[in-house]
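Student: I'd like to go over a predicted model; first the sequence, then the structure.
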Amino acid sequence: MQTERQMNRRERRRLNSLVRHVKCDKVTAVHEAGHAVGRYLTADDMGIPLNLAVSRIEIAPKVLSEGDRVVISQACTYGPMFSREIHDIINADPVEAKLDSMPYYVKVFATAAAAGADIIKWVRSKALIAVLGPMSECMVTGRRVDEMFEGPARGDLNDIVRDCTIAGIHDDQIVAIIDEAVERARMLLKKPGVRAAIGALAQGLQLRGTMQGRDGLAIVGRHLALPDVAARQEALT
């Protein structure tokens with residue numbers, strides 16, 4: 001078997017051209033749709049305009065072997081990492097903001113907390129976004145959420161731990177935040193509108209592979225009436 005790293009430029013071009021014709025698998029699409037819907041639902045708590053909650057959703061098949069065989073190996077939902085009030089503190093010191101490191105962000109969050117920023121609200125929002133991906137996937141695969149966190153969704157769990165760490169949250173609190181996020185996600189996924197929004201967005205991703213946030217919002221908005229702030233808050237309760 002010849003790996004991608006061993007291929008020359010011509011071979012990579014040929015194989016990557018095949019990727020454009022490969023549809024995203026349903027499980028990956030549902031997972032990313034869950035993350036995206038989580039971002040739309042938490043936009044108010046993040047202090048982010050709804051149309052900026054998701055910049056794009058990208059599911060990119062990556063060639064791992066020679067011939068026609070490809071696998072879906074990369075998926076990501078892009079959007080703001082920080083809440084509006086935390087982002088404002090980062091913007092206040094544009095020079096230091098280039099220091100994209102754990103110590104820098106720990107300092108930012110200490111400053112934000114001292115300024116009265118609601119750090120816990122940000123952490124809860126990010127945790128919900130993180131768990132909605134794998135828990136949506138559980139609807140398709142029938143797997144338990146603990147199985148997901150021990151395997152395919154380990155990265156999502158690590159993201160929560162990272163966010164809690166830079167926010168200065170202790171280990172015992174992290175477990176409670178994860179448990180709460182799982183329960184909130186479980187309640188959300190009982191709502192027909194939320195399930196329908198995730199399903200419709202996943203179908204769109206299967207066809208397109210990559211989707212702009214505004215297009216995802218149009219799809220999700222048909223099922224959750226997201227432009228209505230009251231409706232969005234009701235979905236989160």
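Tutor: Here it is on my side, so go on. Numbering: from 1, shown residues only.
Student: ok, and the closest non-adjacent residue to P80?
Tutor: Among residues not flanking P80 along the chain, I48 sits closest, at 5.5 Å (Cβ to Cβ, 6 or more residues apart in numbering). Where C-beta positions appear, they are placed from N, C-alpha and C, glycine not excepted.
Student: Who are the contact partners of the one you found?
Tutor: 79-80, 83-84 (Cβ atoms under 8 Å, 6 or more residues apart in numbering).
Student: quick one: buried residues of stretch 206-216?
Tutor: 206, 208-209, 211, 213, 215-216 (16 or more other Cβ atoms under 10 Å).
Student: Show me what the longest helix belonging to the chain is packed against.
Tutor: With secondary structure taken from DSSP state H, the chain has its longest helix at helix 119-141. Counting contacts by 3 or more Cβ pairs under 8 Å, 6 or more residues apart in numbering; DSSP states H and E, helix 119-141 packs against helix 26-41, helix 43-46, helix 102-114, helix 145-150, helix 154-166, helix 171-188, helix 192-208.
Student: For these, give me CSV that also has mean pLDDT and distance to A225.
Tutor: Below are the helices and strands packed on helix 119-141 laid out as CSV (pLDDT from 0 to 100; distance: least, Cβ to Cβ, whole Å):
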stretch, mean pLDDT, distance to A225
helix 26-41, 94, 11
helix 43-46, 94, 14
helix 102-114, 88, 32
helix 145-150, 83, 28
helix 154-166, 93, 27
helix 171-188, 95, 15
helix 192-208, 94, 8
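Student: picking that back up, hmm, which of the contacts of I48 are the buried ones?
Tutor: By 16+ other Cβ under 10 Å, the contacts of I48 give 79-80, 83 as buried.
Student: And the residue nearest the centre of the chain, how far from I166?
Tutor: With distances taken as Cα atoms, centre = their mean, H35 lies nearest the centre of the chain, 3.8 Å away. Distance, H35 to I166, by Cβ to Cβ, to the nearest Å: 20 Å.
Student: before we move on, what about K107?
Tutor: K107 is 9 Å from I166, by Cβ to Cβ.
Student: Looking at those two, which one has more neighbours?
Tutor: I166 (19 against 16; other Cβ atoms under 10 Å).
Student: nearest residue to the more buried one other than its sequence neighbours?
Tutor: Y105 (4.2 Å).
Student: wait, the one you found sits on T165?
Tutor: No. Counting by Cβ atoms under 8 Å, Y105 stays clear of T165, with 9.0 Å between them.
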